[in-house]
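[1] below are the sequence and a predicted model for it; my questions follow.
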Amino acid sequence: MSKDNAISALPSGESAVSGGSLLRPTPKLIVIGFLGGKVRAGNLVHREAGLIKTLQLDYPLAIHAEIFANRDGNAALSAVLQFLGASRDGHLSDAQKSAARIVLFGHSWGASETVTLANRLNKLGIPVLLTIQVDSVRKQSQNDAKIPANVKEAINFYQSEGLLHGRSLIVAQDPTKTKILGNHESSYRENPVSCAGFPWYARAFMRRHIQIENDPVVWAQIEALILAKIH
């Protein structure tokens with residue numbers, strides 16, 4: 001039986017049986033990804049978009065997954081509210097907010113937008129299970145270093161060898177509410193990663209920055225972290 005067939009075999013609105021009683025269904029995990037630079041959403045050369053595509057195809061009954069350009073933070077927020085069942089005016093009940101199960105991730109400017117979206121959700125009283133930053137580069141008027149208190153866990157992947165490199169340290173605004181899973185550095189001097197398909201100028205001037213974006217080891221960890229939040 002496939003990953004989702006086991007879920008789809010249950011009657012509508014039912015998730016499992018325990019002690020002869022049907023349990024309330026687990027809400028779908030919402031996964032929002034942000035691309036870096038001026039990249040358009042859906043550009044599958046980029047690992048962020050590829051991961052979202054994989055999640056959409058492999059876990060359609062367990063995950064709502066969408067990818068956005070980092071300039072489209074408003075659209076991403078609207079998508080989250082829609083997935084949570086907000087009314088036309090964007091209103092959510094307390095029950096809808098408390099049931100939210102959200103993972104946010106991004107690369108470069110997209111990582112900065114990840115923290116910004118988490119902050120916007122915090123102001124709305126909506127919790128976030130996990131934020132993931134990959135070589136985070138702060139966008140103007142944003143703060144990608146401090147993780148808001150509505151985020152349960154956060155993790156940061158970065159490299160420090162290139163001309164353009166990401167933030168090496170993220171911290172929790174409230175350590176009693178947010179666990180920083182780590183600030184993990186990658187090096188590509190001895191272990192280069194292919195950047196095939198990227199523009200020549202990116203390969204020439206931002207090689208390390210896009211190597212971490214293409215690093216299969218980093219993205220395998222990210223995918224595993226996301227999938228662990230399904231149940």
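    Yep, it's here. Residues are numbered from 1 along each chain as shown.

[2] which neighbouring elements make contact with the helix ranked longest in the chain?
    Longest among the helix segments of the chain by residue count, using DSSP state H, is helix 109-123. Helices and strands touching helix 109-123, by 3 or more Cβ pairs under 8 Å, 6 or more residues apart in numbering; DSSP states H and E, are strand 29-35, helix 73-83, strand 102-107, strand 128-134, strand 146-147. For the C-beta atoms, the positions are set from N, CA and C on the backbone; glycine is no exception.

[3] 10 Å instead, please
    Judged by 3 or more Cβ pairs under 10 Å, 6 or more residues apart in numbering; DSSP states H and E, the packing partners of helix 109-123 are strand 29-35, strand 63-69, helix 73-83, strand 102-107, strand 128-134, strand 146-147, strand 151-158.

[4] the shortest one pairs with which strands?
    Think strand 146-147. strand 171-172 (parallel) (DSSP bridges).

[5] list the contacts of Q96.
    With contact set as Cβ atoms under 10 Å, 6 or more residues apart in numbering, Q96 has these partners: 27, 81, 84-87, 126.

[6] now a PyMOL select for only the buried ones of those.
    To isolate the buried members of the contacts of Q96 in PyMOL, using 16 or more other Cβ atoms under 10 Å:
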select buried, resi 27+81+84+86+126
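
[7] go ahead and confirm I230 touches L130.
    No. Using Cβ atoms under 10 Å, I230 makes no contact with L130, being 11.8 Å away.

[8] more neighbours: these two, which one.
    Higher neighbour count among I230 and L130: L130, with 24 against 17, using other Cβ atoms under 10 Å.

[9] what bridges to the more buried one?
    With DSSP bridges as the rule, L130 is bridged to V103, E153.

[10] so which of the contacts of Q96 sit within helices?
    Among these, the members found in helices (DSSP H) are L81.

[11] now, which of the contacts of Q96 sits nearest Y201?
    L81 (37.1 Å; Cβ to Cβ).

[12] surely that closest one touches L124?
    Yes. The criterion here is Cβ under 10 Å, and L81 meets it with L124 at 8.2 Å.

[13] common neighbours of those two, please.
    With Cβ under 10 Å, 6+ apart applied, the overlap between the contact sets of L81 and L124 consists of 90, 92, 100.
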